[in-house]
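Enquirer: output the structure for:
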Amino acid sequence: MTNRIPLSFASILYDRMQPLQSGEIRPDGIDLNFLTMNHPRDIFDRMAGGKEFDASELSLSEYVCRYAAGHRDLVAIPVFPSRAFRHGFIAVNSRTVKEPRDLNGKKIGVQLYTMTAAVWVRSVLQQHGVDLSTIQWVQGSMESGDSHGKPSAMPLTKPVDIVQNSSGKSLSQLLEEGFIDATIGADLPHCLGKAPHVKRLFPNFKEVEKSYYKETGIFPIMHTVVVRRELCDQHPWLATSLYNALNDSKEVARIRMRFLDCLRYMLPWLAQELDEIDEVFGGDPFVYGVEPNRKTLEALIDALDEQAMIAEKPKIEELFASIRGQNWKVGWGTTKITR
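Expert: Residues are numbered from 1 along each chain as shown. Below you'll find the model as predicted:
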């Protein structure tokens, strides 16, 4: 293609995005303006609330909820730049909570009830015997008395006991002082490691998470990538071009991570970590595309339904733009790689 269309793209600068941001990977037909952002909440609020970008990273749960509620102005491509196990993101007051079932009937702080991290954590708690209907959710910022961003969340499909933190204190302070019994979300409270009674619910979270993955095959997805639908309608090739570029960018980062002559990251035992990745995930925990992630996507949609966030389950194929000739190796497909 000789005519390139301008496209603004907002994302956190993950290692898997760096070759795209630097221009080393160039999507065919696109003049990409990569906008580096420092916090995902800022991206989500600006994209979902005002479509300030042509394309961006977006919370997967927010995207699915918007789609299920009939808001189809954005379309996702099956790229998942942020994934994380969340067993290690449950902090508790160990004076009142010794095991997961002790959370029944308690107050739990959460940054946003609708955030993807919280959806996955609640699913974990259910699996460990917690009745979510008995919980009061205290919603607010982990480290200040404010709210967590300005999300345009869809209404819940049934009543859930959610109160907004109006104490003027952060969720971390409320947990330390005993006003709530736990926190969940995308961050851990600052009081963890400082207040002796505040501990992780799963101290051996890495082993628990590995067992969870081996049992379920699920590596939780947090974010996807979305494009303004009118652009995809106007340029049917755009989604494939952007998908291939993002996939190539990730593959470049994955290959570079494995160059151990001099460590790219400040991880003294990176070689051991890579061996573990190969053992557990078969080499690529961040694989893109619908089919390799179907089980994880189905689990998230089931959780959104169970947690009163969607009235009807959308089909997975409806959620994502059709990608033609998916590119799985660097330099294939529509991506141009500059040397």
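Enquirer: just give me the residue closest to the centre of this protein.
Expert: Geometric centre of the chain, nearest residue: M222, 1.5 Å, by CA atoms, centre = their mean.
Enquirer: report the contact partners of that one.
Expert: S59, L60, F80, S82, R83, A84, T116, A117, A186 (CB atoms under 8 Å, 6 or more residues apart in numbering). Every residue, glycine included, has its C-beta placed from N, CA and C.
Enquirer: what does P314 give?
Expert: V64, Y67, A68, I301.
Enquirer: how about a cut-off of 10 Å?
Expert: V64, C65, Y67, A68, I301, L304 (CB atoms under 10 Å, 6 or more residues apart in numbering).
Enquirer: out of the residues you listed, the closest to G178 would be?
Expert: Nearest to G178, judged by CB to CB, of the contacts of P314 is L304 at 31.7 Å.
Enquirer: ok, for the closest one, nearest residue in space, not its chain neighbours?
Expert: Take L304 and drop its neighbours on the chain: the residue closest to it by CB to CB, 6 or more residues apart in numbering is I310, 4.7 Å away.
Enquirer: quick check, E273 in contact with L267.
Expert: Yes. With contacts counted by CB atoms under 10 Å, E273 reaches L267, the gap being 6.2 Å.
Enquirer: who touches both of these two?
Expert: M257.
Enquirer: need the contact list for F89.
Expert: Taking CB under 10 Å, 6+ apart as the test, what F89 contacts is 117-118, 120-121, 124, 183-188, 200-202, 205.
Enquirer: out of these, which sit inside strands?
Expert: T183, I184, R200 (DSSP state E).
Enquirer: next, find the distance separating the first one from D102.
Expert: Spelled out, it's T183. 15 Å (CB to CB, to the nearest Å).
Enquirer: neighbour-wise, which of these two wins?
Expert: Each of T183 and D102 has its neighbours counted (other CB atoms under 10 Å); T183 has more, 28 against 18.
Enquirer: how long is stretch 306-323 from one end to the other?
Expert: By CA to CA, to the nearest Å, the extent of stretch 306-323 from end to end equals 30 Å.
Enquirer: what comes up buried for it?
Expert: Buried residues in stretch 306-323, counting neighbours by 16 or more other CB atoms under 10 Å, are found at Q307, A308, M309, I310, I316, L319, F320, A321, I323.
Enquirer: buried ones only from the contacts of F89, please, as a ChimeraX command.
Expert: In ChimeraX syntax, the buried subset of these is picked out as below (16+ other CB under 10 Å):
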select :117,118,120,121,124,183,184,185,186,187,188,200,201,202,205
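Enquirer: what's the longest strand in the chain?
Expert: Looking across the chain with DSSP E, the single longest strand is strand 74-83.
Enquirer: who's in contact with whichever helix or strand comes after it?
Expert: Using DSSP states H and E, the helix or strand that follows strand 74-83 in sequence is strand 91-93. With contact meaning CB under 10 Å, 6+ apart, strand 91-93 is reached by 97-100, 102-103, 106-109, 142, 171-172, 174-185, 187-189, 191-193, 195, 197-202.
Enquirer: of those residues, buried ones?
Expert: Buried among the contacts of strand 91-93 by 16+ other CB under 10 Å: 97, 100, 102-103, 106-109, 142, 171-172, 174-176, 179-185, 187-189, 191-192, 195, 198-202.
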